[in-house]
Structure formats: C-alpha cells, structure tokens
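> Could you work out the structure for the sequence below:
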Amino acid sequence: MTITNFLIDEHATLREALVLINDNNHGIILTAGLDGAVTGLATDGDIRRMLLEGGSLDDKIALCVNPDFFWEAPSTPREVLLKKLDSRTRVIPLLDADRQLIAIVSHDHLPIQLEEAVYARARAPVRISFGGGGSDVTHYFDGQYGAVINATVSLYSHATLRMRDDQKIAIHSMDLNKKLIADDLSAALKQVGKFGLIQSLLKTIQPEFGFELFLHSDFPINSGLGGSAVVSATILGCFNEFRLDRWDQHELAELAFQAERLYLGVSGGWQDQYATVFGGFNFMEFSMDQNVVHPLRINRDTLLELEESLILCDTGTGHDSGNIHKDQRQHMRKQTIRQQVEKTVDLTYLMRNHILRGRLHEFGESLHKAWQMKRQFSSKISNKNLDKIYANALKHGALGGKLLGAGGGGFFLFYVPPFSKHHLINHLRSEGLNCSPFRFEQEGLQSWMVRERKEPT
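Next up, the predicted model:
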C-alpha cells in the first residue's frame, strides 16, 4: 500500500484532499507539516460535513482535521492491531516517534511479519555406559554381534549457530578456551590447532555459508563420558536446523561417527554417537548389517532407585581414548581377548534383564564383573592409581562400578546400596575426588530455531 496516497500538506485544499481519498480508497487523509510530521486526520465524512455547512472545495484541509486521532506505533504487536481492526476501527496509521507516517493497516491490508534474522541452538547429553564396551567397535562385530547398555544423563554440550552475510567463519569454544577465525571454509579447514574435531565435522557437512559458532559443555574434556560425540551432535543439530531436508537420528549419529572416526582418525566405537542423539536408557546391538537402538521400558521406581544408587566420581585425570582403542584393537586380535569381549556381551544381556526386572543388587554386582572383564582388554585401561580408587570404593560400601569410556582416566561410576552412600561419598571427598550429581535424561539431541531480536538503539 502506497502511503503517499494518504499524506497531504496541511495547507492543501479540500479538493486536493478528496482526490487523494478517492485514490487510496480508504476514506481518510492525513495532514503533515513542513517537517513531514503528521498533524491530523480527516475522513471523507468530515469533509462532506464541512461542505454541507457552507465550506468551499478551495478551503484548507487543516480546517476540518482532527489533531487527536487514533494511531499506533510500528512496533505494535499484530495481535493488538488485529483486535483493533476487529472492533470498530477500519484504518490505523502507524507513526514513529517523530510522528512520521510509516505504514497504513486496514481490514484488507495487514502485512505478514517480515522474516527476521534467526539463530539455531542445540544441546545433547552425555552417556554413562554400564556394560558391553569394546563390542561396539567395527573390528569386533565384523562377523559377530556386539551389544551395550547405556543411559544419557543431565550433563550437556551446548551450541549456538548464527549465519553470516559473507563467507567468514568464527568458532568460539569455551571448552578449548580458543577461537578459530577464517575468511572461508577452505581457510578454516587448513588451520592447524585444537579444532580438529570441529574441522572434521565441517569437512563432513560442507556448509555453503559463513557462520558464527559458540560452544560450551558442562563436563571436562577427556572425561570418558563420550564428550567428543556429544559436541559433534550439538554442532550437527545446529546445522540441521538450517536444512530443508533434515537429517534423521540415524543419519546424525552416522555423520558424527564419520567425522570423528574416518576424517579425524580417532579410534573408537559406535555407542557414543547413538546414545547422545537418541537419548534415554537404551540397549544397543551392533552388526555389519545394521545398528539397532532398543529403548528400555524400565519401571519408574526402579529408575529412580538406580539414579539414587549411582555415584559419578571424577578421578581428576584425563585420558586419550583414541590411543587406548588403538591398543585395544591390537589386543583384540588375540583369541583370548575376543573371548573376554564375548563374555561382556553375554553379561550385557544379563544386565538388561536385571534392570528390566528391577534386580538392582544384581545389576550393581554385574557392574563389578563388567569392570573386571574390561580391565583385561588393554594394559592402558587402568593403572595403580585407578585400581586404588576402585578398591577403596569397594571397602567403603560400593557394590560395584566401572571406569567410563575407554579407560585410563575420566569418571568412575559406582553402584552403592542406600545405607552406604553417605559413607562412600565422605570417603571419596576425603581423597579429594569430586562427585558430580546427575539425573537420567530421557531426551537426546535437541535443536531449535530462535528469532534474533535486535536490541533497540
């Protein structure tokens, strides 16, 4: 709608005003001073009444305008404008702070909201693994089956992604306390530094636009909680928001695996990517044909009791999961080690049955068995310090437990009966070890789009 058909100089004649009213077809005219500020409003009815009272078409329009007319600001919500138009108001001028005419809205002209700049956000939870680790690596389940049982918990990685109008790339990581700034994707991929995982993801995604990416996590690097897969999932979740053809959960997990395992070259299994993307308490089976995620329907009381009976303990030492997996892969060639992994798979099926039937005491004992088996996969999985932490935890009430992730450091997960929990926590704290509270998280990767509201200047 052309606003010039609604605006006339306040010194113009009634004749000139009627011509414009005829052109705009809305029955009103607005008068303006020399500075363009609107000074009043007149309707075709106002002009007719003046003519009937003896006025002339050559009289000034200023003689019949109403200076105290109804108008709204351009920032007025559409809901308010709709309600005004749905009552007795036919036409609403929109004036800015200087009373300049910005737009006219009416019954047949209320423009839709213009598209604003948007940004994407995502978060994904870490996982704690209970059993079957080692059987989810491709070189093991090539020719046989692997199985793991895990659950996601309330520690997250967070990502925010905003598109740029140019090809420049800016990545800000609080986890690394580093920034990556590049003129385009090609330059970003060539930079040398600590952004290898993110660069591998960008190589996988191949974004065709410049962007700003902000990352931070609730957990430390090399924690054994599958953190690299979690960070990958959040980044993929953000980029997925800008796609018309969205990746599904399996595709997201596969892309995360591709970036870390193939492009970055870090050895490891498949469970981390599926766990963080799907979320919840899952039993996963792996084969060369397909990977299957089975959500477990666990009784509410059982789940709450298990949550209260587990302690997540930070050993204060990081680990290099890639090197441990490489070493484990060498040992996996030994028939004795493969047989041990087979036993962990059998134990994982038993643990699934224990948790589904609410047999938590047996589940806790199975954690101990799983850890004893896992320690045999590689000499790098445990050490004297970790063995000491575990042995003392058992002495102070833990029924069982295991080191999370590949091993070598990170977090211990302990199962402790209810009336021994305080005793164990006090012991761990006396050793300078931190216990991280958590809850089971039923949701996996979540991503969403937000309008970027600009603050008024």
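
> Could you double-check that V293 lies in contact with F278?
Yes - taking contacts as CB atoms under 8 Å, V293 lies within contact range of F278: 5.2 Å. All C-beta atoms are positioned from the backbone trio N, CA, C, and that covers glycine.

> Just give me the neighbour total for the nearest residue to R162 once chain neighbours are set aside.
Distance criterion CB to CB, 6 or more residues apart in numbering; nearest residue to R162, sequence neighbours excluded, is Y119 at 4.2 Å. Y119: 19 surrounding residues under other CB atoms under 10 Å.

> Domain-wise, how is the chain divided?
3-106, 119-436 (automatic domain parsing).

> Next secondary structure after the strand or helix carrying A253?
Under the criterion of DSSP states H and E, A253 resides in helix 249-257. Using DSSP H and E, the helix or strand that follows helix 249-257 towards the C-terminus is helix 271-278.

> Just the CA atoms of that next one, as PDB, please.
The C-alpha trace of helix 271-278 is given here as PDB (Å, rounded to 0.1, in the frame of the first residue of the first chain):
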ATOM      1  CA  GLN A 271      27.700 -46.300  21.000                       C
ATOM      2  CA  ASP A 272      28.600 -42.700  21.900                       C
ATOM      3  CA  GLN A 273      27.100 -41.200  18.800                       C
ATOM      4  CA  TYR A 274      23.900 -43.200  19.000                       C
ATOM      5  CA  ALA A 275      23.500 -42.600  22.800                       C
ATOM      6  CA  THR A 276      23.700 -38.800  22.600                       C
ATOM      7  CA  VAL A 277      21.500 -38.400  19.600                       C
ATOM      8  CA  PHE A 278      18.800 -40.900  20.700                       C
END
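
> between that helix and helix 249-257, what angle do the directions make?
140 degrees (axes from the mean of the first three to the mean of the last three CA atoms, to 10 degrees).

> Show me what helix 271-278 is packed against.
Under the contact criterion of 3 or more CB pairs under 8 Å, 6 or more residues apart in numbering; DSSP states H and E, helix 271-278 touches strand 118-131, strand 146-163, helix 227-241, helix 249-257, strand 281-286, strand 291-295.

> For the ones you listed, give me JSON lines that also has mean pLDDT and distance to W71.
JSON lines is the format used below for the helices and strands packed on helix 271-278 (pLDDT from 0 to 100; distance: least, CB to CB, whole Å):
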{"stretch": "strand 118-131", "mean pLDDT": "96", "distance to W71": "30"}
{"stretch": "strand 146-163", "mean pLDDT": "97", "distance to W71": "35"}
{"stretch": "helix 227-241", "mean pLDDT": "97", "distance to W71": "38"}
{"stretch": "helix 249-257", "mean pLDDT": "97", "distance to W71": "50"}
{"stretch": "strand 281-286", "mean pLDDT": "97", "distance to W71": "58"}
{"stretch": "strand 291-295", "mean pLDDT": "97", "distance to W71": "57"}
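
> which stretch among those comes nearest P111?
With CB to CB as the measure, strand 118-131 is the member of the helices and strands packed on helix 271-278 nearest P111 (19.1 Å).

> Which positions in that closest one come out as buried?
Under the neighbour-count criterion of 16 or more other CB atoms under 10 Å, strand 118-131 has 119-131 buried.

> Name every sheet partner of that strand and say whether each one runs parallel or antiparallel.
Its sheet considered, strand 118-131 pairs with strand 146-163 (antiparallel), strand 446-451 (antiparallel) by DSSP bridges.

> Quick check: next helix or strand after the longest helix belonging to the chain?
Assignment by DSSP state H gives helix 335-356 as the longest helix of the chain. Heading C-terminal from helix 335-356, the first helix or strand you meet, by DSSP H and E, is helix 360-374.

> relative orientation of that next one and helix 335-356 in degrees?
Computed by the same axes, to 10 degrees, the angle between helix 360-374 and helix 335-356 is 160 degrees.

> residues making contact with helix 360-374?
130-134, 302, 305-306, 309, 340, 343-344, 347-348, 350-351, 354-355, 381, 390, 394, 399-403, 407, 413, 415-417 (CB atoms under 8 Å, 6 or more residues apart in numbering).

> please redo it, this time with the cut-off set to 7 Å
130-131, 133-134, 302, 305-306, 309, 340, 343-344, 347, 350-351, 354-355, 381, 399-403, 415 (CB atoms under 7 Å, 6 or more residues apart in numbering).

> Quick check: bridge partners of S157?
Going by DSSP bridges, S157 forms beta bridges with A124, S217.

> And it, how close does it get to R99?
Distance, S157 to R99, using CB to CB, to the nearest Å: 50 Å.

> More neighbours: these two, which one.
More neighbours surround S157 than the other of S157 and R99, with 28 against 16 (other CB under 10 Å).

> wait, doesn't the more buried one sit right on A122?
No - using CB atoms under 7 Å, S157 is not in contact with A122; the gap is 8.6 Å.

> if I look at the two, which residues touch both of them?
With CB under 7 Å, 6+ apart, S157 and A122 have common neighbours T234.

> Report how many residues lie close to P93.
21.

> Could you pull up phi and psi at it?
Main-chain dihedrals, P93, degrees, to the nearest 10: phi -70, psi 140.

> quick one: low-confidence ranges for the stretch 301-450 of the chain?
Applying pLDDT under 70 to the stretch 301-450 of the chain flags residues 318-333, 406-407.

> again, 80 this time
Residue ranges of the stretch 301-450 of the chain with pLDDT under 80: 317-337, 377-380, 406-408.

> wait, what's in contact with the residue nearest to R162?
Y119 touches T160, L161, R162, V450, E452, counting by CB under 7 Å, 6+ apart.

> Just give me the closest of those residues to I425.
T160 (35.1 Å).

> Distance check, the closest one against D175.
In terms of CB to CB, T160 sits 14 Å off from D175.

> So those two - more neighbours on which side?
When T160 and D175 are compared for neighbours, T160 comes out ahead with 18 against 15, by other CB under 10 Å.

> Look up the closest residue to the more buried one, ignoring the ones flanking it.
F214 (4.4 Å).

> my guess is that neighbour is in a helix, correct?
No - the assignment for F214 is strand, going by DSSP: H, G, I helix; E, B strand; the rest coil, so no helix is present there.

> Next one, pLDDT for it please.
Model confidence at F214, expressed as pLDDT, equals 98.

> Same check on the one 3 residues further on?
Among the per-residue scores, S217 shows a pLDDT of 96.
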